[in-house]
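Visitor: Predicted model and sequence follow; I will ask about them next.
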Amino acid sequence: MAQLLQDLVYSFGSCLNCFPGSPTLKINSRSFKILRLLGEGGFSYVYLVQDTATAELFALKKIRCPFGTESVQQAMREVEAYKTFAHTPSIIHSIDYSIASERNDADSKTVYVLLPYYRRGNLQDIINANLVNHTNFPEKELMHLFLGVCKALKYMHTYRAPRGGERMEMGNAKAGEDDVGGSNGRPNRNRAMAAADADDETEQARPLMVEEQVVAPGEQRSWAHRDIKPGNIMIDDSGAQPIIMDLGSVAESPIPITSRSLAIATQDIAAEHSTMPYRAPELFDVKTGTIIDTKVDIWSLGCTLYACLVGKSPFEMRSDETGGTLSMCVLGGDWRFPDEGPRGQKKGKNTVGANSSPESGVISDPIKEVVRKCLKIEPSERPDIDELISMTEQVIDELPNDEA
Ligand SMILES: Nc1ncnc2c1ncn2[C@@H]1O[C@H](COP(=O)(O)OP(=O)(O)OP(=O)(O)O)[C@@H](O)[C@H]1O
């Protein structure tokens, strides 16, 4: 709690009003009351905030950029990704964003991104609840959710810039203390952006205009999410639609690894942005002459489906069982279902093995097969997103209806 208060004071500076317990922040002239911390990631804090005028709830992601230009660029890439995929309802979009300078350190900036708030939480929350309550996901329902995630990812993997020529560029915005400029995440730049350009171009624009991404209308450009995991899949308010979030890891695909330095850089980026138990083996040890592509997400989908069934990633599970390191388990493809012995041998038909968690229950064979196909060490042996979608649809057709 002390950390949270300290963090709020530090972050919002003069935006913080003086009433204890109800700090407020303004973004682009809209005022928000900060209600509580929703979550914390490696680079950010996410707060539940309320629009003081409309009482609407939002999630506010605060990304600290203490290392100057480079870290601001990274945060802005995330903001840009929210814009790029704003056209699909199953990928999170941003509502507004702003960039604030730290008072005592001009190089230090904080990027705030206003996001829709998903009150039902994410798949990891459901996994945690299942573990606590000794319950399981109903299989058909789970596979419908999984299909939704695959379809959202298909949009990324086969992205085509909308016709009409939306120009995508790294944003620039006016940084201020009390009322920071921003963008609404839609094609039209808002007035704050325009004001930032007109008023304060030299000061505001420079650090952010280092890179432009222009996608011609209709041009296909493939993207990989690179951090698919249960914690990054929110559930919409209906409870039926998964929403892919946390676009800070999104990267272009394919990336041919043409040099040793690119291999090292790619590996370093993965180490920072792709969560280890869900990270594909080719990102642990990036080799020159290989290609890193969207198959990294297929691996993560396999780990995610397994985690929904069993309670944790297959490699976390195996590493806990054997005491081996996570990376050794991943690189060696060392994992198994709880009711299986080594190399997929069954311990007993439809029984839960000695090493399984009691929550894992019985897993249908067609679902296991989907996991197995995603977890092929060789990326080319994994299905692409279209094949995975067909496979999942077939499994859904084959599965009996969940018991009410
Ligand atoms: N829109 C939202 N609605 C509700 N909760 C959210 C929302 N966005 C984020 N959260 C909560 O905040 C947590 C951290 O968010 P997020 O994953 O975006 O941060 P991150 O720093 O990128 O995390 P990571 O280190 O896992 O990559 C999430 O796991 C979730 O619990």
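Guide: Right, received. Where do you want to start? Predicted, not measured: the structure shown is a model, and the values here were computed from it. Numbers count the residues shown, from 1 in each chain.

Visitor: Dihedrals phi and psi, the residue of the chain found nearest the ligand?
Guide: Here the chain gets closest to the ligand at one residue, Gly41, 1.7 Å apart by C-beta to the nearest ligand atom. C-betas here are computed from N, CA, C, even on glycine. Torsion angles at Gly41 (phi, psi; degrees, to the nearest 10) stand at phi -120, psi -170.

Visitor: mind checking the longest strand of this protein?
Guide: Secondary structure of the chain per DSSP state E: the longest strand is strand 30-40.

Visitor: And the strands in the protein?
Guide: For the chain, the strands defined by DSSP E cover 24-27, 30-40, 44-51, 57-65, 96-101, 109-116, 222-224, 233-235, 242-244, 251-253, 255-256, 291-292.

Visitor: Could you look over these and pick the most buried one?
Guide: Counting by mean count of other C-beta atoms under 10 Å, strand 96-101 has the highest mean neighbour count of these, with a mean of 26.

Visitor: How far away from the center of its chain is it?
Guide: Chain-centre distance of strand 96-101: 20 Å, with C-alpha atoms, centre = their mean, to the nearest Å.

Visitor: Find the nearest non-adjacent residue to the residue of the chain closest to the ligand, please.
Guide: Distance criterion C-beta to C-beta, 6 or more residues apart in numbering; nearest residue to Gly41, sequence neighbours excluded, is Asp246 at 7.1 Å.

Visitor: just Lys154 next, same as before
Guide: Leaving out its chain neighbours, the residue that sits closest to Lys154 by C-beta to C-beta, 6+ apart is Ile385, at 4.6 Å.

Visitor: before we move on, what about Asn122?
Guide: Per C-beta to C-beta, 6+ apart, closest to Asn122 is Met234, 4.9 Å.

Visitor: just His144 next, same as before
Guide: Spatial nearest neighbour of His144, chain neighbours left out: Ile396 (6.5 Å); criterion: C-beta to C-beta, 6+ apart.

Visitor: Gly68 now?
Guide: Asp107 (4.3 Å).

Visitor: Kindly report the same for Glu393.
Guide: Leu147 (6.6 Å).

Visitor: The one you found is in contact with Thr392, isn't it?
Guide: Yes: in this structure Leu147 lies within contact range of Thr392 using C-beta atoms under 8 Å: 4.7 Å.

Visitor: thought Ser31 was touching Thr24?
Guide: Yes: between Ser31 and Thr24 there is a contact under C-beta under 8 Å: 5.5 Å.

Visitor: Glu340 versus the residue nearest the centre of the chain, what's the distance?
Guide: Geometric centre of the chain, nearest residue: Asp246, 3.0 Å, by C-alpha atoms, centre = their mean. Noted for Asp246: a distance of 32 Å to Glu340, by C-beta to C-beta, to the nearest Å.

Visitor: Same check on Glu102?
Guide: Separation of Glu102 from Glu340 (C-beta to C-beta): 53 Å.

Visitor: What of Cys374?
Guide: For Cys374, the distance to Glu340 equals 16 Å [C-beta to C-beta].

Visitor: the more surrounded of those two?
Guide: Neighbours of Cys374 and Glu340, each counted by other C-beta atoms under 10 Å, are more numerous for Cys374; the result is 23 against 17.

Visitor: What parts of the stretch 51-200 of the chain come near the ligand?
Guide: Listed as neighbours of the ligand in the stretch 51-200 of the chain under the rule C-beta under 6 Å from any ligand atom: Ala59, Lys61, Leu115, Pro116, Tyr117, Tyr118, Asn122.

Visitor: Kindly indicate which of these lies nearest Asp297.
Guide: Asn122 (16.8 Å; C-beta to C-beta).

Visitor: can I assume that closest one is in contact with Asn232?
Guide: Yes: Asn122 is within contact range of Asn232, at 7.0 Å (criterion: C-beta under 8 Å).

Visitor: list residues touching both of these two?
Guide: The contact sets of Asn122 and Asn232 overlap at Met245 (C-beta atoms under 8 Å, 6 or more residues apart in numbering).
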